[in-house]
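**Student:** One predicted model, sequence on top.
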Amino acid sequence: MNANAAAWKVLSRGGTSLDAVEAGVRVTEAEDNLSVGYGGLPDREGKVTLDACIMDANGDCGSVAFLEEIKHPISVARMVMEKTPHVMLVGEGAQQFALEQGFKKENLLTEKAEKAWKEWLVESEYKPIINVENHDTIGMLALDETGNLSGACTTSGLSYKMRGRIGDSPIIGAGLFVDNEVGAATATGMGEAIIKICGAHLIVELMRQGYNPQEACEVAVKRISKQKNARDIQIGFLALGKNGETGAYALQPGFDYATYASDQNDMTDVDSFF
């Protein structure tokens, strides 16, 4: 809801959907929340690595993955989109680019996150906890007064992941996709499962075929429900149609999302497949 409030300030002044989604998710990146940006839970080696992507109404997009010591990966992703001929930069190259653009190195591992990691090290047993360890992303979609759609997605990734693991969040078509003629979609949850079905792109393409946002999200989740570990993971999809209609669906109970429209910021519990 804090992220949406920041995004709405941009939209209410006549700002673009692209500026809105960047401003919105930057709020969450800066909060000490164990899941996104600063304070995110680290990988198995105690390193915080961040992933993000952004996409605008023109179909332009930018992405960073395995980025360390930079608090706002979403803004680096936007600069990749606007200032390079590429879509994705990763690891040391992404960090070097960020520093060249004026970003500063910061220690992103907070005391709270480090404590949680050290407690995990005692057993070093990895099985994601539904709605806790694998519900680790903020995805935001916006429609501005000119009718243009944009989206942003940012995360610190699956907690205690293997070093170098990348999920769906920085992958255009998996964690985020925008088609300004039709709509936009974003995802949260176990990235591996989302990548396997190109989740966000699937939802937008279904909307192009005539499904409404809710129906499209449900079809995508049902496809993931057929994966062998579906009972043990969580997936949540959000979709926004060109006409402002929204949809959301999850694999398991416990997923909710915020919608800001007509000066009203509301939380909604999402129906689930299981």
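**Tutor:** Sure, I can see it.
**Student:** what about A258, how many neighbours?
**Tutor:** By other CB atoms under 10 Å, 17 other residues sit near A258. For the C-beta atoms, the positions are set from N, CA and C on the backbone; glycine is no exception.
**Student:** Where does it sit: helix, strand or coil?
**Tutor:** Of the three states, A258 takes strand under DSSP: H, G, I helix; E, B strand; the rest coil.
**Student:** Could you pull up the residues touching it?
**Tutor:** By CB atoms under 8 Å, 6 or more residues apart in numbering, A258 lies in contact with 1, 3-4, 265-268.
**Student:** ok, so of those, who is nearest I70?
**Tutor:** A3 (18.7 Å; CB to CB).
**Student:** which non-adjacent residue is nearest the closest one?
**Tutor:** G24 (4.2 Å; CB to CB, 6 or more residues apart in numbering).
**Student:** Distance of the one you found relative to E68?
**Tutor:** 23 Å (CB to CB, to the nearest Å).
**Student:** who has more neighbours, those two?
**Tutor:** G24 (28 against 17).
**Student:** In contact with that one, which residues?
**Tutor:** Per CB under 8 Å, 6+ apart, neighbours of G24: 3-4, 6-7, 10, 140, 142, 152.
**Student:** Pull out the buried residues from the helix or strand hosting it.
**Tutor:** G24 is part of helix 17-30 when elements are defined by DSSP states H and E. By neighbour count on 16 or more other CB atoms under 10 Å, the buried set for helix 17-30 is 17-29.
**Student:** which residues are in contact with the helix or strand bottoming out on mean pLDDT in the chain?
**Tutor:** The weakest-scoring helix or strand in the chain, judged by mean pLDDT, DSSP states H and E, is helix 111-123 (a mean of 90). By CB under 8 Å, 6+ apart, the residues outside helix 111-123 that reach it are 32, 34, 39-42, 46, 48, 159-160.
**Student:** From the contact counts, what lies against the helix or strand following it?
**Tutor:** Next in sequence after helix 111-123, counting helices and strands by DSSP H and E, comes strand 137-143. The contact analysis (3 or more CB pairs under 8 Å, 6 or more residues apart in numbering; DSSP states H and E) places strand 137-143 against helix 2-12, helix 17-30, strand 149-155, strand 183-189, strand 235-241.
**Student:** How far does the last one sit from its chain's centre?
**Tutor:** On the basis of CA atoms, centre = their mean, to the nearest Å, strand 235-241 is displaced by 11 Å from the centre of the chain it belongs to.
**Student:** ok, and what's touching it?
**Tutor:** Taking CB under 8 Å, 6+ apart as the rule, strand 235-241 contacts 135, 139, 141-143, 149, 182-190, 193-194, 199-200, 203-204, 207, 212-214, 216-217, 220-221, 224, 246-252, 255, 257, 270.
**Student:** List the strands paired with that strand, with their directions.
**Tutor:** Its sheet considered, strand 235-241 pairs with strand 183-189 (antiparallel), strand 246-250 (antiparallel) by DSSP bridges.
**Student:** ok, the residue nearest to the spatial centre of the chain - contacts?
**Tutor:** Ranked by distance to the mean C-alpha position of the chain (CA atoms, centre = their mean), the top residue is C153 at 2.9 Å. Contact analysis of C153 by CB under 8 Å, 6+ apart lists 25, 52-54, 137-140, 169-170, 175-176, 186-187.
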